[in-house]
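Undergrad: I'll drop the sequence and a predicted model, then ask my questions.
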Amino acid sequence: MNMVLVNQEQVLALRNALPAVTKVWLQEVLGVSETTWRSLRDGRPIRQSTYDRLVARFERTPQGAVVGSFAAATSRNHGVSADAR
């Protein structure tokens, strides 16, 4: 299974897209669960498919629309991919 580590700068950009860090807003704005949010916040890897969905949802937020892409919202590209075996 392909996994992605999201750097803390990107997590901050995601956090800034949320009106509040609640179960409802995480699902409504970013399309992720509280469990996935904790993984992101704590620097643990998430599935590639979850990351892809998260990026697509972020780019539809007002913050994402302003910068044009998730990569442009942060100075670095997403973290290191790793296989979870």
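TA: Perfect, thanks for sending it. Given the structure is predicted, the values throughout are model-derived calculations rather than measurements.
Undergrad: can you give me the strands for this protein?
TA: Ranges of strands in the chain, per DSSP state E, are 2-4, 46-47, 81-83.
Undergrad: What about E9, how many residues nearby?
TA: 11 (other Cβ atoms under 10 Å). Heads up, the C-betas are built off the backbone N, CA and C, glycines and all.
Undergrad: go on, E28?
TA: 12.
Undergrad: Same question for F70.
TA: The local packing of F70 (other Cβ under 10 Å) involves 23 other residues.
Undergrad: Spit out the contact partners of it.
TA: With contact taken as Cβ atoms under 8 Å, 6 or more residues apart in numbering, F70 is in contact with 10, 13, 55, 58-59, 64, 78.
Undergrad: Could you measure from it over to V24?
TA: 22 Å (Cβ to Cβ, to the nearest Å).
Undergrad: now swap in A13 and tell me
TA: Distance from A13 to V24, by Cβ to Cβ: 20 Å.
Undergrad: okay, V24: pLDDT?
TA: pLDDT recorded at V24 is 97.
Undergrad: Find me the pLDDT at the residue nearest to the spatial centre of the chain, would you?
TA: Nearest residue to the geometric centre of the chain (Cα atoms, centre = their mean): L54, 5.0 Å. According to the prediction, L54 has pLDDT 92.
Undergrad: show me what contacts it?
TA: Contact analysis of L54 by Cβ under 8 Å, 6+ apart lists 14, 30-32, 36, 46.
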